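> Structure of the sequence below:
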Amino acid sequence: MDSADDLVRKPAEQSWVERVAALTGWCRDRRPLDRESVERALGLQLPQDYRLLAETFGAGTFDDNLDLRAPAARYLTLDFIVADRAEFADPVPFGGPTARLLQWATTSAEHSFCWHVEDPDPKKWPIYARGDKWEPWERFDSSAAEFIHQVLTDRKHPYSLAKHFETHWFTSAEQAEEAEDAFWDDYHPRP
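Next up, the predicted model:
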């Protein structure tokens, strides 16, 4: 016979995407992602965690600093980067002289956040990050949403925004464009 404790339903643990949405107060409708055409154009499968991020947030910026790139975005699109083996801080798990990286986020300070996309299983893609083109790529073993959550909450993370902001927000690319248009309309009236 089940005890009363066994009958009490425990809430499911939040996904990293849900945690980021809760942290930023983001509660907009999800944006359907045409996964098949996006993945066909890229020639690879995207991680499930990232697809949920792109559907939940779309392209835009966290704390006016960390730019999330999304498929079919007007400006913040996914970009492939070819990196030389010598540009990595740690020994890299690939044999050739270069690595193929897919850039999924950047910052206003020109930091790059990419996946090393050589493995056919996107669950196995490590994140590589660097501050600028002169710094070596540094490896992080987490999902994209977990990485963003750490950047927003961990004051000791090398790319931390937690040490600069007490609260966090997300501005979609559409909201940023509307604000820019309004600025130009207010301060530069058309004749």
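> show me where this structure has strands.
For the chain, the strands defined by DSSP state E cover 60-62, 66-68, 79-84, 98-107, 112-116, 127-130, 138-140, 170-172.
> Can you list the buried residues in the second one?
By neighbour count, and taking 16 or more other CB atoms under 10 Å as the criterion, the buried residues in strand 66-68 are 66-68. Using the backbone N, CA and C atoms, a C-beta is placed for each residue, glycine as well.
> and what of the third one?
Neighbour-count burial for strand 79-84, counted by 16+ other CB under 10 Å, picks out A83.
> for the record, mean pLDDT for stretch 88-96?
Averaging pLDDT along stretch 88-96 yields 69.
> on that earlier part again, just the buried residues of strand 66-68 now: which is nearest L152?
Nearest to L152 among these, counting by CB to CB, is L66 at 7.8 Å.
> what sits opposite that closest one in the beta ladder?
F62, T107 (DSSP bridges).
> can you pull the contacts of it?
By CB atoms under 8 Å, 6 or more residues apart in numbering, the residues touching L66 are 105-107, 148, 151-152, 159, 161.
> returning to what we had before: would you reformat the buried residues of strand 66-68 as a markdown table and include pLDDT and distance to D121?
Output for the buried residues of strand 66-68, formatted as a markdown table (pLDDT from 0 to 100; distance: CB to CB, whole Å):
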| residue | pLDDT | distance to D121 |
| --- | --- | --- |
| L66 | 94 | 26 |
| D67 | 93 | 26 |
| L68 | 93 | 23 |
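> re the thing from before, quick one: which of the contacts of L66 is most hemmed in?
Among the contacts of L66, the one with the most neighbours (other CB atoms under 10 Å) is I148, at 29 neighbours.
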